[in-house]
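J.: Okay, here's the prediction I keep looking at, along with the sequence it came from:
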There are 2 protein chains.
Amino acid sequence: MDYNQLFEQIKKKKSFLCVGLDTDITKIPSFLLKEDDPIFEFNKRIIDTTAQYTIAYKPNIAFYEANGVLGWKSLEKTINYINLIHKDIFVIADAKRGDIGNTSKMYARAYFEQFNCDAVTVTPYMGKDSVSPFLEFNNKWVILLALTSNESAKDFQLLEVNNSEKNLFETVVAKSSEWGNKNNLMYVVGATQSVYLKKVRELIPEHFLLIPGVGTQGGSLKEVAEHGMNDSCGLLVNSSRSIIYADSSTDFDRKAGNVARELHIQMADLLKAKNII
Amino acid sequence: MDYNQLFEQIKKKKSFLCVGLDTDITKIPSFLLKEDDPIFEFNKRIIDTTAQYTIAYKPNIAFYEANGVLGWKSLEKTINYINLIHKDIFVIADAKRGDIGNTSKMYARAYFEQFNCDAVTVTPYMGKDSVSPFLEFNNKWVILLALTSNESAKDFQLLEVNNSEKNLFETVVAKSSEWGNKNNLMYVVGATQSVYLKKVRELIPEHFLLIPGVGTQGGSLKEVAEHGMNDSCGLLVNSSRSIIYADSSTDFDRKAGNVARELHIQMADLLKAKNII
């Protein structure tokens, strides 16, 4: 999926919602535990009730990896299901990978070839040659960590570098934006840090931003739209736990759909206010 | 395995060699392709001929992940084989993981519980709360990226921060050394950057360092020992491709063993020169 196709989906669905599939076997409704693959069953039902409000799904790879080989099977089935039943939905592997060149190439193969995701989150610490191998795949995306939504983001991301009054995360954005372009590179900017969104938009007015931290982590959707939205929307706002764990009864999937619909309604209003739809 | 047990192994085997299992199906001897699991067969034979010279094995997770579910099976079998047959060998999951707290906890479970590794490499960009969940496991280790061996390490790791004349990687070492201790925290310092080893040793004289980049990437073992060795050795020096791909004939495993033995001999000399053995 390219930049324009993503924007078309946003206009068509009146939403810029990404649903995070952080599926934890200890948190899913207990009646699902009798299934052969409870994690996949949970995801499938969540997908079925949220897909109409959703632009992207973001499986959080750690939650699958924690279950070893079985976890990777659940992940594979989940991604295949989205790609088969909901072809127009963007799939983000939230993996936060990155290594020396020949190794990053292997990670890129894993997510773009083995699992056929549209995008993978990548960590910038090792620099250009750790990111470039992901950028060489046609119609696939890197989503690079800039400013993350966790408390400790400040430890290094907010350090001022090279006497420039620029923070590390701004330097990451400025430098890395030369490695790719708005068609293959997005950035993670935590919604809990929306005060910094303006700074990011000055550096990269056109790129898409993936915004985690709305919902359980406390970020405000309105503030994010105010500081981060551009003429092509330019935002994917993620919510994970507040949607997928909205309810733990047999009706959990419908309740999850309701939360997603609420967010979709708020998002449609924000898109209208910006004259995008 | 704790700090002292690791040091005991180094003295007993007269080696501080780590063998990187970056096993690529396109690079292993073709006669192995008829096996049910060629990757595991390759690893098993490499392990059998190198174990006597080796303190640690370091499967590079990307190379397994690139093969999807089958790759995770090969990884699981490889780690189980080491833990069963060579109990005293330290197993490092070279995964370069790191995410918000609840997610890092899942990665920690994957490598410390599902796969029973001794250590996992972690990337520092997201700060303390992304690293701490890995430090909460008894007798398990974080190996945090400080200065990596790739050309682009300079993009961010060498930036000067907060007008301190300190580089980012030094700040990472200084700050993170307060999160753990020499019993649960090591650092990656690229051998191609041995000029910086001295700076690291000033900050953390006692911690173990994992040194990649000796061999194919061009680092010098003698320089590494000169600047990085402490009274408990304090070094694990990794070599991957120059050992495991030393030869592509049916005799590949014996040849790999020869290269490992050569490194072991050099390492024994360096340990003697330091009066450690």
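T.: The structure has been received and is ready for your questions. Numbers count the residues shown, from 1 in each chain, chains lettered A, B, ... in the order given.

J.: Tell me which residue lies farthest from the centre of chain A.
T.: A:Asn163 (32.4 Å; Cα atoms, centre = their mean).

J.: Which helix or which strand is home to that residue?
T.: Secondary structure assigned from DSSP states H and E places A:Asn163 in neither a helix nor a strand.

J.: what's the answer for A:Leu270, then?
T.: In the assignment (DSSP H and E), A:Leu270 maps to helix A:252-273.

J.: The residue farthest from the centre of chain A - nearest residue in space that isn't next to it in sequence?
T.: Using Cβ to Cβ, 6 or more residues apart in numbering or on different chains and skipping residues adjacent in sequence, the residue nearest A:Asn163 is B:Asn163, 5.8 Å away. (Each C-beta comes from the backbone N, C-alpha and C, glycine too.)

J.: Go ahead and confirm that neighbour touches A:Ser164.
T.: No - here B:Asn163 does not reach A:Ser164: they are 10.2 Å apart, not a contact under Cβ atoms under 8 Å.

J.: quick one on the thing from earlier: packing partners for the helix holding A:Leu270?
T.: On a contact count with 3 or more Cβ pairs under 8 Å, 6 or more residues apart in numbering or on different chains; DSSP states H and E, helix A:252-273 meets helix A:3-13, strand A:17-21, helix A:38-50, helix A:221-228, strand A:235-239, helix A:241-244.

J.: and the stretch 101-250 of chain A, which of its residues are near chain B?
T.: Within the stretch 101-250 of chain A, the positions adjacent to chain B are A:101-104, A:106-107, A:109-110, A:113-115, A:123-130, A:145, A:148-157, A:159-163, A:168, A:171-172, A:175 by Cβ under 8 Å from any Cβ of the partner chain.

J.: C-terminal to whichever helix or strand A:Met186 is part of, what's the next element?
T.: Per DSSP H and E, A:Met186 falls inside strand A:185-189. Remark: after strand A:185-189, the chain's next helix or strand is helix A:197-203, criterion DSSP H and E.

J.: after that next one comes which helix or strand?
T.: Next along from helix A:197-203, by DSSP H and E: strand A:209-211.

J.: what comes into contact with that next one?
T.: For strand A:209-211, the external contacting residues (Cβ atoms under 8 Å, 6 or more residues apart in numbering or on different chains) are A:18, A:58, A:92, A:121, A:143, A:186-191, A:197, A:200, A:219, A:224, A:228, A:234-238.

J.: 6 Å - rerun?
T.: If you take Cβ atoms under 6 Å, 6 or more residues apart in numbering or on different chains as the criterion, strand A:209-211 is touched by A:143, A:186-189, A:191, A:224, A:228, A:235-237.

J.: same question, stretch A:188-202
T.: Contacts for stretch A:188-202 (Cβ under 6 Å, 6+ apart): A:143, A:145-149, A:173, A:209-211, A:213-214, A:217-219, A:223-224, A:227-228.

J.: A:Glu170 is in contact with A:Ala146, correct?
T.: No - using Cβ atoms under 6 Å, A:Ala146 is not in contact with A:Glu170, being 8.1 Å away.

J.: more neighbours, those two?
T.: A:Ala146 (30 against 22; other Cβ atoms under 10 Å in any protein chain shown).

J.: Next step: the residues of the stretch 101-250 of chain A next to chain B restricted to strands.
T.: Judged by DSSP state E, the subset of these located in strands is A:145, A:160-161.

J.: Of those - the most surrounded one?
T.: Neighbour counts for these, by other Cβ under 10 Å, peak at A:Leu145, which reaches 27 neighbours.

J.: Would you confirm that it contacts A:Thr123?
T.: Yes - here A:Leu145 reaches A:Thr123: they are 5.2 Å apart, a contact under Cβ under 6 Å.

J.: so where is chain A shaky, pLDDT-wise?
T.: For chain A, the stretches with pLDDT under 70 are A:215-219.

J.: Identify each buried residue in stretch A:136-156, please.
T.: A:137, A:140-153, A:155-156 (16 or more other Cβ atoms under 10 Å in any protein chain shown).

J.: nope, stretch A:193-210 is what I was after
T.: In stretch A:193-210, counting by 16+ other Cβ under 10 Å, buried: A:193-194, A:196-197, A:199-201, A:203-204, A:207-210.

J.: Stretch A:33-43 now?
T.: Buried, per 16+ other Cβ under 10 Å, within stretch A:33-43: A:37-43.
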